[in-house]
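Trainee: How does the following fold in three dimensions:
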Amino acid sequence: MKTMINKTIWLLFIAVALVSCSKDDDCDPEDENSPCYAGVGSGDRLLLTEEKTNGKTEMRFEYNAKNQVVVRHIYGIDGTVVTENFTYNGNKMIKIERKSGGQSTMTEEYTYGSGDKPTSGVLKNGKNETIATMTYNYSGRNVTETSFDTEGNQVNISTYTSDEKGNPIKWETVGAYNSFTMTHILGDYDDKPYRYTSYPWAWKLSSVNNARSYSLTTSGVGGGTTTNDNWVFSYNTAGYPVKAEVYDKNTKVLKETRVFTYKKAS
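Mentor: The predicted structure is shown next:
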């Protein structure tokens, strides 16, 4: 059960990186977050360096000379900071070490076959002890990730489905014995570059454009929840989102405002 909880928390943890009409906004050519920032030109390739939610930093990214994410800092609402360090073998991401307060808390390691997508993975705790293993199956636009505990019992199954452009349209996780279900539905994509540039988990959760419709439905022993949101974007000259206003689809109430900051890719 502990393994299932850890895996479920991490699934929610990375889900924030997926979700997204453009509208007029105040234009300041000196402001990096402005749609008309003078330092960015049409066609420029950009790298996301920071995301803020309601004025507070939520994530920061660092990159290497190949424009790969090598560090991600995640800022919790409780003041904690989780740092992820990514290791690559060429273009393949093979390891992630997650730290909190300078202490290792979790590690992901991936094994590849002859292609550029992993065939299996291992999840370890801060003591470098294996707590779960994963296998990956690829069929058309579907990716299936099956997780097992250390005794070989199935923990959960996650299925990722993308459209013909490579944009995710559904991501569903079902726990062992149907103990819980999480279903993410994404749609109404814009035609602009995806804001989470160089996304490390590209084989299952990357995107080409930005979703403007997002829903999350959960169910389980303790009940269920449903979230339905509309994301309204403003873009810079290069076409990347610099601001997202997230509205509840039913009440039309503004729930949060996100701001994205970039740098030019090398």
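
Trainee: Going by residue numbers, what spans are strands in the stretch 101-250 of the chain?
Mentor: Taking DSSP state E, counting those that start in this stretch, the strands of the stretch 101-250 of the chain run over residues 103-112, 118-125, 130-139, 142-148, 154-162, 168-175, 180-189, 211-220, 223-235, 241-248.

Trainee: Let me have these in a markdown table, extended by mean neighbour count and mean pLDDT.
Mentor: (C-beta placed from N, C-alpha, C; glycine too.) Putting the strands of the stretch 101-250 of the chain into a markdown table (neighbours: other CB atoms under 10 Å; pLDDT from 0 to 100) gives the following:
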| stretch | mean neighbour count | mean pLDDT |
| --- | --- | --- |
| strand 103-112 | 17 | 97 |
| strand 118-125 | 17 | 97 |
| strand 130-139 | 16 | 97 |
| strand 142-148 | 17 | 97 |
| strand 154-162 | 19 | 96 |
| strand 168-175 | 19 | 97 |
| strand 180-189 | 18 | 97 |
| strand 211-220 | 18 | 96 |
| strand 223-235 | 16 | 96 |
| strand 241-248 | 19 | 98 |
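
Trainee: Residue 202 versus the residue nearest to residue 172 when sequence neighbours are not counted, what's the distance?
Mentor: Leaving out its chain neighbours, the residue that sits closest to residue 172 by CB to CB, 6 or more residues apart in numbering is residue 183, at 4.6 Å. Relative to residue 202, residue 183 is positioned 22 Å away (CB to CB, to the nearest Å).

Trainee: How about the contacts made by residue 87?
Mentor: Neighbour list for residue 87: 93-97 [criterion: CB atoms under 8 Å, 6 or more residues apart in numbering].

Trainee: In contact with residue 53: list those residues for me.
Mentor: Applying CB under 8 Å, 6+ apart, one finds that residue 53 lies in contact with 256-258.

Trainee: Between those residues, which sits nearest residue 114?
Mentor: Minimum distance to residue 114 across these is 39.0 Å, recorded for residue 258 (CB to CB).

Trainee: okay, now that closest one: neighbour count?
Mentor: Other residues lying near residue 258 total 20 when counted by other CB atoms under 10 Å.

Trainee: re earlier: okay, and the beta partners of the residue nearest to residue 172?
Mentor: Beta bridges link residue 183 to residue 172, residue 217 when assigned by DSSP bridges.

Trainee: That one: what's it in contact with?
Mentor: Residue 183 sits next to 170-172, 216-218 when contact means CB under 8 Å, 6+ apart.

Trainee: what's the span of stretch 199-206, first residue to last?
Mentor: As for stretch 199-206, its first-to-last residue distance stands at 6 Å under the measure CA to CA, to the nearest Å.

Trainee: Correction: the previous question concerned stretch 139-159.
Mentor: The stretch stretch 139-159 measures 11 Å between its terminal residues, going by CA to CA.

Trainee: contacts for that stretch?
Mentor: For stretch 139-159, the external contacting residues (CB under 8 Å, 6+ apart) are 3-4, 7-8, 11, 123, 130-138, 160-164, 170-176, 203-204.

Trainee: ok, now stretch 160-174?
Mentor: Counting contacts by CB under 8 Å, 6+ apart, the residues outside stretch 160-174 that touch it are 8, 11, 15, 18, 141-145, 156-159, 180-187, 189, 204-209, 211.

Trainee: Equivalent analysis for stretch 100-120, please.
Mentor: Under the criterion CB under 8 Å, 6+ apart, residues 6, 10, 80-83, 91-99, 121-126, 128, 133-136, 138, 203 lie in contact with stretch 100-120.

Trainee: so how far is it from its chain's centroid?
Mentor: If you compare the mean C-alpha spot of stretch 100-120 with that of the full chain, they lie 15 Å apart, counting by CA atoms, centre = their mean, to the nearest Å.

Trainee: from the contacts of residue 53, which is closest to residue 59?
Mentor: Taking CB to CB as the measure, residue 59 sits nearest to residue 258 out of the contacts of residue 53, at 10.2 Å.
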